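Asker: just the structure for this:
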Amino acid sequence: MKHTKIALAIIASIGLTACGSDGNIGAQGNAGEQGSRGLNSLLSHEALELGSSDCFFGGLKVSSGLDTNSDGALSESEISDITFDCDASPVTTSGSTLPYTVMRSDIDNGALPGNLMEVRNGGFGSDMVAHPTNPKQFYALTDRGPNATFTGDKGKGKKFPSPDYTPRIGLFELQHNGDVKKISEILLKRPDGTLITGLPNTAALGGTGETPYDKDGNVIVENMDLPFDETTNPIKLDDYGLDGEGLVALSDGTFWISDEYGPHMVHFDAQGIEIGRINAFADDTRNTFTLPAEFANRRANRGMEGLAITPDENTLVGIMQSTMYNPSSAVKVNDIVRIVTVNLTNGDVSQYLYKQEKTQNSQSGIVALSNTEFVVIERDGKFYSQDTTAMKHLYKIDITNATDLETISASGSVTQNENLGLLIDGKTLEEVAIEENGWATIANAGIATINKTLLSDLIAEVSYPHDKLEGMWLINDSTIGVLNDDDFATWATAGVLEQKYLDAGKTDIDSNRLYIIEGLDLSAQAQ
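Answerer: Numbering: from 1, shown residues only. As a prediction, the model looks like this:
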């Protein structure tokens with residue numbers, strides 16, 4: 001009975017809705033008015049090239065919206081949504097090797113007796129910087145040329161297997177497949193247009209007795225056909241010689257370079273001719289402005305390792321590689337580093353203190369995010385393949401709340417010394433920092449240090465294999481390229497020249513490699 005009732009109910013319902021009173025189908029009603037025509041939805045596809053601000057490595061931009069004017073084309077005013085399908089980075093975790101040429105291959109390889117080594121050019125890793133207008137290109141800097149630590153008849157110094165080498169700037173371009181192409185070189189020159197060398201400066205301009213020797217260990221003198229004579233044939237030095245480590249490229253086509261000698265900050269035109277200079281030597285008539293005298297107390301081979309320019313191009317920002325010998329090498333094992341800024345309009349100088357994660361680390365690069373925020377490299381000198389504790393970090397720093405040492409007035413225990421800078425209880429800041437609770441003493445003197453936040457650990461990111469992480473290319477708000485110094489593939493052990501290898505097995509020769517680090521939060525506040 002239950003199923004019968006349901007069936008009757010369904011039949012009754014059909015009858016009520018489908019039939020007239022006489023049981024026949026009713027007449028069809030009148031058609032309603034036709035509605036207005038709807039708007040078409042349109043899509044627009046745009047292929048993005050390498051260097052795009054939306055997808056740096058290229059990709060597809062998809063715009064969509066309603067065709068409100070019914071012209072069959074999607075105009076800018078009709079776009080309601082934009083999405084991007086960005087291509088993946090063509091630079092793999094193993095990096096992209098920069099091209100090089102062989103300068104000479106006639107020197108015995110001390111690391112593999114019976115074999116010859118290659119001195120490579122190469123060497124474009126002391127710093128790198130974005131091209132001001134071409135997003136696919138970057139500039140990279142060499143240092144003084146191939147060299148290696150050596151002690152000879154005239155004391156501690158360096159072997160220069162190519163002593164006439166001219167330091168230079170290279171222009172490189174990233175290709176669609178991730179390869180790097182060298183476009184051109186700019187050789188650095190004196191104001192008179194003659195080529196400089198990478199040989200050390202005289203003592204009056206910061207030289208620290210780094211005696212130059214040739215590949216065979218002979219002291220390099222003015223006339224190599226004659227023996228050394230202090231008066232008639234002295235050691236060959238070059239007051240225009242640069243051991244370049246920091247590079248800035250300005251929108252007017254000129255460059256600033258900082259170095260490990262003076263330290264000097266030198267302005268070059270687009271052809272590489274010197275047009276200005278800043279250093280710590282008040283008697284140097286070449287100077288446009290002068291740094292505080294304490295910067296002349298740089299540690300040999302650890303001078304002004306990084307250089308940046310604020311986005312408004314008004315202020316240079318230089319960072320020393322490690323603790324300065326201020327007042328002497330007694331402060332060597334330390335973690336205090338100085339940053340100096342120079343206003344290029346009026347020469348005003350500011351100084352700030354940075355605290356390293358480990359003593360004797362190297363601050364080997366800096367790039368500006370704003371007038372007060374920067375990314376810096378902090379690294380040690382280890383090869384990851386040989387020591388898994390190797391450290392290669394990028395930090396974001398902010399000087400906003402740091403104390404400008406140049407604004408501190410002498411009062412009580414705080415004084416100023418003409419050659420050593422700010423003193424606390426008669427000691428330099430380097431001497432104070434090395435003491436137990438030294439940083440607390442500095443803080444109690446009213447000196448706040450720079451805030452810093454870890455951005456990237458390159459060992460964790462790409463198992464970074466090189467010892468010297470030194471260059472940074474700010475690509476966009478979340479992407480940075482980094483570059484290593486390969487030392488022209490030249491090394492030395494106990495003063496004997498040899499090929500520079502990445503691995504203990506001596507099979508992988510070091511070379512300049514570009515790595516690209518994505519997904520960085522460059523907007524995060526430094527802590």
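Asker: lowest-confidence helix or strand of the chain?
Answerer: Every helix and strand in the chain was compared by mean pLDDT, DSSP states H and E; the lowest is helix 2-18, with a mean of 39.
Asker: what is whichever helix or strand comes after that helix packed up against?
Answerer: Following helix 2-18 in sequence order, the next helix or strand is strand 41-50 (DSSP states H and E). Judged by 3 or more CB pairs under 8 Å, 6 or more residues apart in numbering; DSSP states H and E, strand 41-50 is in contact with strand 57-66, strand 79-86. From N, CA and C alone the C-beta is placed, and that goes for glycine too.
Asker: which one of those strands lies nearest to residue 220?
Answerer: Closest to residue 220 of the helices and strands packed on strand 41-50 is strand 57-66 (CB to CB; 46.3 Å).
Asker: now do the helices in the chain.
Answerer: 2-18, 429-433, 438-444, 458-462 (DSSP state H).
Asker: and the second one, how far out from the chain middle?
Answerer: This means helix 429-433. In terms of CA atoms, centre = their mean, to the nearest Å, the centre of helix 429-433 is found 28 Å from the chain centre.
Asker: tell me which other helices or strands that helix touches.
Answerer: With 3+ CB pairs under 8 Å, 6+ apart as the test, helix 429-433 has strand 336-343, strand 421-424, helix 438-444 packed against it.
Asker: go again with 10 Å.
Answerer: Contact partners of helix 429-433 among helices and strands, from 3 or more CB pairs under 10 Å, 6 or more residues apart in numbering; DSSP states H and E: strand 336-343, strand 349-355, strand 421-424, helix 438-444.
Asker: what is the mean pLDDT for the longest one?
Answerer: What strand 336-343 shows for mean pLDDT is 98.
Asker: got it, and stretch 307-315?
Answerer: Across stretch 307-315, pLDDT averages out at 98.
Asker: can you give me the end-to-end span of it?
Answerer: End-to-end span of stretch 307-315 (CA to CA, to the nearest Å): 11 Å.
Asker: in JSON lines, list the helices and strands packed on strand 41-50 along with mean neighbour count.
Answerer: As requested, the helices and strands packed on strand 41-50 are arranged in JSON lines below (neighbours: other CB atoms under 10 Å):
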{"stretch": "strand 57-66", "mean neighbour count": "17"}
{"stretch": "strand 79-86", "mean neighbour count": "12"}
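Asker: low-confidence stretches in the stretch 1-150 of the chain?
Answerer: Applying pLDDT under 70 to the stretch 1-150 of the chain picks out residues 1-26, 29, 31-38.
Asker: for the residue nearest to residue 83 when sequence neighbours are not counted, give its distance to residue 82.
Answerer: The shortest distance from residue 83 to any residue other than its chain neighbours is 4.9 Å, reached at residue 62 (CB to CB, 6 or more residues apart in numbering). Applying CB to CB, to the nearest Å, the value for residue 62 to residue 82 is 7 Å.
Asker: and residue 73, by the same measure?
Answerer: On the measure of CB to CB, residue 73 and residue 82 end up 16 Å apart.
Asker: again, but for residue 296
Answerer: Using CB to CB, one gets 55 Å for the distance from residue 296 to residue 82.
Asker: hang on, the earlier thing: most packed of the helices and strands packed on helix 429-433?
Answerer: Highest mean neighbour count among the helices and strands packed on helix 429-433 (mean count of other CB atoms under 10 Å): strand 336-343, with a mean of 23.
Asker: relative to strand 349-355, how tilted is that strand?
Answerer: Calculated by axes from the mean of the first three to the mean of the last three CA atoms, to 10 degrees, strand 336-343 forms an angle of 150 degrees with strand 349-355.
Asker: just checking, what packs against strand 336-343?
Answerer: Judged by 3+ CB pairs under 10 Å, 6+ apart, strand 336-343 is in contact with strand 289-290, strand 304-309, strand 315-320, strand 349-355, strand 362-368, strand 373-379, helix 429-433, helix 438-444.
Asker: could you dump these into CSV with distance to residue 107 added?
Answerer: Formatted as CSV, the helices and strands packed on strand 336-343 follow (distance: least, CB to CB, whole Å):
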stretch, distance to residue 107
strand 289-290, 41
strand 304-309, 28
strand 315-320, 33
strand 349-355, 39
strand 362-368, 27
strand 373-379, 28
helix 429-433, 39
helix 438-444, 45
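Asker: beta partners for the residue most central in space within the chain?
Answerer: For the chain, the residue nearest the mean C-alpha position is residue 472 (1.9 Å; CA atoms, centre = their mean). Judged by DSSP bridges, the bridge partners of residue 472 are residue 482.
Asker: how far away is it from residue 41?
Answerer: Using CB to CB, one gets 44 Å for the distance from residue 472 to residue 41.
Asker: which residues are in contact with each of residue 62 and residue 82?
Answerer: 44, 46 (CB atoms under 10 Å, 6 or more residues apart in numbering).
Asker: quick one, what contacts the closest residue in space to residue 270 that isn't next to it in sequence?
Answerer: Once flanking residues are discounted, residue 270 sits nearest to residue 253: 3.9 Å by CB to CB, 6+ apart. Contacts for residue 253 (CB under 10 Å, 6+ apart) come out as 132, 133, 269, 270, 271.
Asker: so residue 262 touches residue 293, yeah?
Answerer: No: look at residue 262 against residue 293 with CB atoms under 10 Å: they stay out of range, at 11.8 Å.
Asker: and those two? which has more neighbours close in?
Answerer: residue 262 (27 against 15; other CB atoms under 10 Å).
Asker: please report how far residue 203 lies from residue 125.
Answerer: 29 Å.
Asker: now swap in residue 209 and tell me
Answerer: Applying CB to CB to residue 209 and residue 125 gives a distance of 26 Å.
Asker: repeat that for residue 481.
Answerer: According to CB to CB, residue 481 and residue 125 sit 12 Å apart.
Asker: how about residue 371?
Answerer: As judged by CB to CB, residue 371 and residue 125 stand 28 Å apart.
Asker: can you check residue 372 too?
Answerer: 28 Å.
Asker: who has more neighbours, those two?
Answerer: Between residue 372 and residue 125, residue 125 has the larger neighbour count (other CB under 10 Å), namely 29 against 16.
Asker: check contacts around that one.
Answerer: 98, 140-143, 364, 466, 468-471, 482-488, 510-514.
Asker: next: residue 378.
Answerer: Contact analysis of residue 378 by CB under 10 Å, 6+ apart lists 337, 354, 356-358, 361-365, 391-395, 397, 452, 454, 469.
Asker: about what we covered before: pull up the overlap in contacts between residue 481 and residue 125.
Answerer: Joint contacts of residue 481 and residue 125 (CB under 10 Å, 6+ apart) are 471, 514.
Asker: so who does residue 344 touch?
Answerer: Neighbours of residue 344 in contact, by CB under 10 Å, 6+ apart: 250, 256, 267, 276, 278, 288-289, 309-310, 313-316.
Asker: hmm, I was thinking of residue 391
Answerer: 357-358, 361-362, 378-382, 384, 457-459, 464, 469.
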